[in-house]
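**Q** my questions are about this predicted structure, shown below with the sequence.
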Amino acid sequence: DWEFLKRMAAASGRCLVPDALQKGVRYTVGLPEGTGRDIPADHIRLYEAFDEVIMGEVRGGVPLETVRRTAYHEAGHALVSLAHNNLPNYMSVVARGSYGGYVANGPAGDGTKESMLKMICMCLGGRAAETVCGYGLSSGASADLERATQLAAGMVCSLGMYEEEFGLAVIPEKEFYNNE
C-alpha cells in the first residue's frame, strides 16, 4: 500500500526516495531485489519496513527496564501531542539504530508561533514523563532537546517571533549561540 508508505514518510518529516522505501519493503517481506510486481504485505510488515529504512536495524539485548523507560518517554511525547489536539500516527519502543523509540506525530503545525511552541512542548514531553515517573534525567532525550533548541532558535533568529524581547532582526544562529 504505497499511499500508506507516503503518509508514514510525510509523518516522519524526512524525505525518502521511493526506491529506498521499496527496497525496505522488499527486504522485510523477503522479495528479491528487482521484483517489479505489487508487494502483498500487511500493514505490520509495512511499519517494520518503514522503521528499518528510517531508524535502522533492530538493536537486540536491550534490558527490560530500558524498554520500560523508553515506553514512558515515548508515551510522554504522545500525551503532550494529544493535549495539543494532535493525534500521533505511530509509536514504537523498539530500539533501532541510535534510537530507543519514537513517536510519529500527525500533521505538522501551520508555522505559527503557537504551533511551534506546541511542537517544543511535545519535544520535551518524553523527558518530562521520565522525570515524573521517577526515572530522573538521562541522555535519552538528547535528540529531543536538540530539536526543541533548533525550533526555539529558529523562532528567535530567523522568524522574529520574539520581537518584543530581542527586536525585529534576523540573527545568524551561529552568532546567537556564541553570544551569552
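**A** The structure has been received and is ready for your questions.
**Q** which ones are touching Gly97?
**A** Going by Cβ atoms under 8 Å, 6 or more residues apart in numbering, Gly97 touches Met55, Gly56, Glu57, Arg59. To be clear about C-beta, it is placed using only N, CA and C from the backbone, and glycine gets the same treatment.
**Q** quick one, grab the pLDDT at the residue nearest to the second one when sequence neighbours are not counted.
**A** Going back to what we said before, that points to Gly56. Once flanking residues are discounted, Gly56 sits nearest to Gly97: 2.6 Å by Cβ to Cβ, 6 or more residues apart in numbering. For Gly97, the model assigns a pLDDT of 86.
**Q** please apply the same query to the one 3 residues further on.
**A** The predicted local confidence for Gly100 comes out at a pLDDT of 87.
**Q** wait, it sits on Arg68?
**A** No. Contact between Gly100 and Arg68 fails when scored by Cβ atoms under 8 Å: they sit 10.9 Å apart.
**Q** where's the residue nearest to Gly100 when sequence neighbours are not counted, which helix or strand?
**A** The shortest distance from Gly100 to any non-neighbouring residue, by Cβ to Cβ, 6+ apart, is to Thr70 (4.1 Å). Assigned by DSSP states H and E, Thr70 falls within helix 64-83.
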